[in-house]
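Visitor: Predicted structure and sequence below. I'll ask about it afterward.
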Amino acid sequence: MIMICEKKSAIKAGFFLVLLLSGLLLVHAVGISRFTPESIRNVVISFGWWGPVVYVFMYSIRPLLLFPAIILTLAGGLAFGPWWGTFYVVLGGVIGACLCFVIARLLGREKMQKYMGKSSKLQLFENKMSANGFRTMLFMRIVPIFPYDPVSYLAGLSKIRFRDYVSATTLGMIPGAFAYNVLGYSLLDVFSSTFLVAIGLIVIAFLAPLGYHFLKQR
């Protein structure tokens with residue numbers, strides 16, 4: 001029985017490893033310098049009505065390819081404007097975060113439990129996720145000091161409920177996604193009033209959660 005479980009885990013791990021390597025080889029073959037917000041926008045727009053579907057798919061698999069999120073986010077603002085761009089970024093971002101969560105839970109949850117008793121930090125994180133999963137995840141999504149993709153994988157290893165994870169991820173993504181989509185949209189006219197507003201929104205999106213956290217700590 002144990003051997004069968006181990007074999008299934010190895011097959012799953014091999015599948016995701018092949019997918020990851022294929023994506024990395026594709027990015028390397030095309031050249032990372034070609035993946036700019038402008039070039040991605042042009043590709044997405046070329047699909048016409050299917051453009052949003054293509055964009056959401058690209059954003060969904062982004063974590064598996066280790067591709068920078070900011071480039072795709074700016075491309076969304078360029079292609080769809082700040083409002084629809086934000087919607088598609090959040091939709092694709094949540095789907096990608098769910099992929100990371102499911103992969104981590106399928107492949108690593110049992111191994112995580114083995115190390116719980118050996119690490120007080122892991123145990124503390126586990127307890128927080130179990131007791132206040134939504135609030136803890138929302139904080140980690142909004143505060144910009146936590147890297148997005150590693151948090152997604154780490155959440156999959158914890159006891160957080162999937163619905164709490166999805167709702168907190170969705171709400172936590174909106175402020176930053178909107179700010180960067182406004183910035184992407186303003187790239188059509190750099191140093192315009194929209195560009196300056198976008199910079200202000202990004203500063204607020206970064207500093208406001210940190211300021212609130214430090215004030216609450218004090």
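Guide: On my side now, so go ahead.
Visitor: Every contact and neighbour count from this point should use C-alpha atoms.
Guide: Noted.
Visitor: just checking, what packs against the helix or strand residue 106 falls within?
Guide: Assessed by DSSP states H and E, residue 106 sits inside helix 69-115. Contacts defined by 3 or more C-alpha pairs under 8 Å, 6 or more residues apart in numbering; DSSP states H and E place helix 69-115 against helix 2-30, helix 37-46, helix 51-65, helix 148-156, helix 162-186.
Visitor: Identify each buried residue in the helix or strand that it is followed by, please.
Guide: Heading C-terminal from helix 69-115, the first helix or strand you meet, by DSSP H and E, is helix 120-142. Residues 122-123, 125-126, 128-129, 133-134, 136-142 are the ones in helix 120-142 that count as buried (16 or more other C-alpha atoms under 10 Å).
Visitor: Which pair of these spans the longest distance?
Guide: Within the buried residues of helix 120-142, 123 and 142 form the most distant pair, 22.9 Å apart (C-alpha to C-alpha).
Visitor: what's near enough to touch the residue nearest to residue 168 when sequence neighbours are not counted?
Guide: Leaving out its chain neighbours, the residue that sits closest to residue 168 by C-alpha to C-alpha, 6 or more residues apart in numbering is residue 138, at 4.6 Å. Residues in contact with residue 138 (C-alpha atoms under 8 Å, 6 or more residues apart in numbering) are 168-169, 171-172.
Visitor: same thing but at 7 Å, please
Guide: 168-169, 172 (C-alpha atoms under 7 Å, 6 or more residues apart in numbering).
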